[in-house]
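Engineer: Fold the stuff below for me.
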Amino acid sequence: MRIDLSKLEFGYDPSSPVLRGIDHVLEDPEFVCIMGPNGVGKSTLVHCMNKILRPTGGAVLIDGEDIGSIRLKTLASRMGYVPNSTEDSFPLTVVDTIMVGLQNDYRFGTRDEDLERVHRVLDLMDIGHLAMRNFDELSAGQHQKVMLARGLVRSPEVVLLDEPTSNLDIRHQIEVTKTLSRLPATEGMMVVMISHDINITAKYADRIILMHDGMIHSVGTPSEVLTRENLRLVYGVDADILEVDGRPHVILKDSVPM
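Structural biologist: Numbers count the residues shown, from 1 in each chain. The predicted structure follows:
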């Protein structure tokens, strides 16, 4: 899938746009992380990419077709989405909760291939032991892993994730991010994830899109984007950048006057 962001703009108030002139192309199976401070438009960008929000200017093109003309059912068959959090609390088993991700494929009854897909993502997320537990009895971390599995169950060409590790402890943040980082190679999938954890992102991302003031400030490898100058300008922090196993590692020192 090729996603073209062409002069993309969005704003709830015309005098105060959230996104301003976003131009970028996503087309390769890779692990891309969107970063930037709170309020710069990261989630808004993702919501324009999956048709939750309609751009107020410019366009999102999927393989050359304006996303506005693509049926939601068609888009859902090709693009997965996992929100930052959900208030959903289903009195269903984990298997049945993940099966909801296949609802556009439902016929009468459950097919063997549906169960095979569900158990495949259970194994992928290492939550097979939760299969028959009730979703509403899980911990926050387990809850999020199930939601990730539900977003991946259709094996989409692209999956968009809004801070999917925000409810996980550090060990599980690393495990989940590592799993997601492997999907481009193992599944041929484009993975686009909003992240706030600089060093976990630096360790696993193929590319980083760094946003600032509603625009894309820079795009590149972690080493190209996570520089002392960029962190100072975008985040307002001073930092030392070390190299560990060929990847940048950020040591924050202090905030700086903006």
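Engineer: distance between the ends of stretch 116-130?
Structural biologist: Stretch 116-130 stretches 16 Å from its first residue to its last (Cα to Cα, to the nearest Å).
Engineer: Would you verify that M193 is located in a strand?
Structural biologist: Yes. According to DSSP: H, G, I helix; E, B strand; the rest coil, M193 belongs to a strand.
Engineer: wait, isn't it in contact with F31?
Structural biologist: Yes. The criterion here is Cβ atoms under 8 Å, and M193 meets it with F31 at 7.3 Å. Any C-beta I mention is one placed from the backbone N, CA and C, and that applies to glycine too.
Engineer: ok, the two, which is more surrounded?
Structural biologist: Shown here are M193 and F31; by other Cβ atoms under 10 Å, M193 has more neighbours (25 against 22).
Engineer: what's the longest helix belonging to the chain packed up against?
Structural biologist: Looking across the chain with DSSP state H, the single longest helix is helix 170-187. Judged by 3 or more Cβ pairs under 8 Å, 6 or more residues apart in numbering; DSSP states H and E, the packing partners of helix 170-187 are strand 31-35, helix 140-152, strand 190-194, helix 198-204.
Engineer: The third one: partners in the sheet, and parallel or antiparallel?
Structural biologist: Looking back up the chat, that one is strand 190-194. strand 31-35 (parallel), strand 158-162 (parallel) (DSSP bridges).
Engineer: Report the buried residues of it.
Structural biologist: M190, V191, V192, M193, I194 (16 or more other Cβ atoms under 10 Å).
Engineer: Give the burial count for the nearest residue to A202 once chain neighbours are set aside, as a bare number.
Structural biologist: Of all residues not flanking A202 in the chain, P222 sits nearest, at 4.3 Å (Cβ to Cβ, 6 or more residues apart in numbering). By other Cβ under 10 Å, 23 other residues sit near P222.
Engineer: what angle sits between the longest helix of the chain and helix 140-152?
Structural biologist: With axes from the mean of the first three to the mean of the last three Cα atoms, to 10 degrees defining the directions, helix 170-187 sits at 10 degrees from helix 140-152.
Engineer: Contacts made by helix 170-187 with the rest, please.
Structural biologist: For helix 170-187, the surrounding residues in contact (Cβ atoms under 8 Å, 6 or more residues apart in numbering) are 28-31, 124-126, 141, 144-145, 148, 152, 155, 159, 161, 164-165, 168, 189-191, 193, 195, 197, 200-201, 203-206.
Engineer: centre of the chain versus it, how much separation?
Structural biologist: Offset of helix 170-187 from its chain centre (Cα atoms, centre = their mean, to the nearest Å): 12 Å.
Engineer: residues contacting M35?
Structural biologist: When contacts are counted by Cβ under 8 Å, 6+ apart, M35 touches K42, I194, S195, H196, I198, T201, I208, I209, L210, M211, V225.
Engineer: From the residues you listed, pick the one nearest N84.
Structural biologist: I194 (7.7 Å; Cβ to Cβ).
Engineer: who's that closest one bridged to?
Structural biologist: I34, D162.
Engineer: Tell me how far it lies from V146.
Structural biologist: Using Cβ to Cβ, to the nearest Å, I194 is found at 19 Å from V146.
Engineer: just A131 next, same as before
Structural biologist: A131 is 10 Å from V146, by Cβ to Cβ.
Engineer: Common neighbours of these two, please.
Structural biologist: V94.
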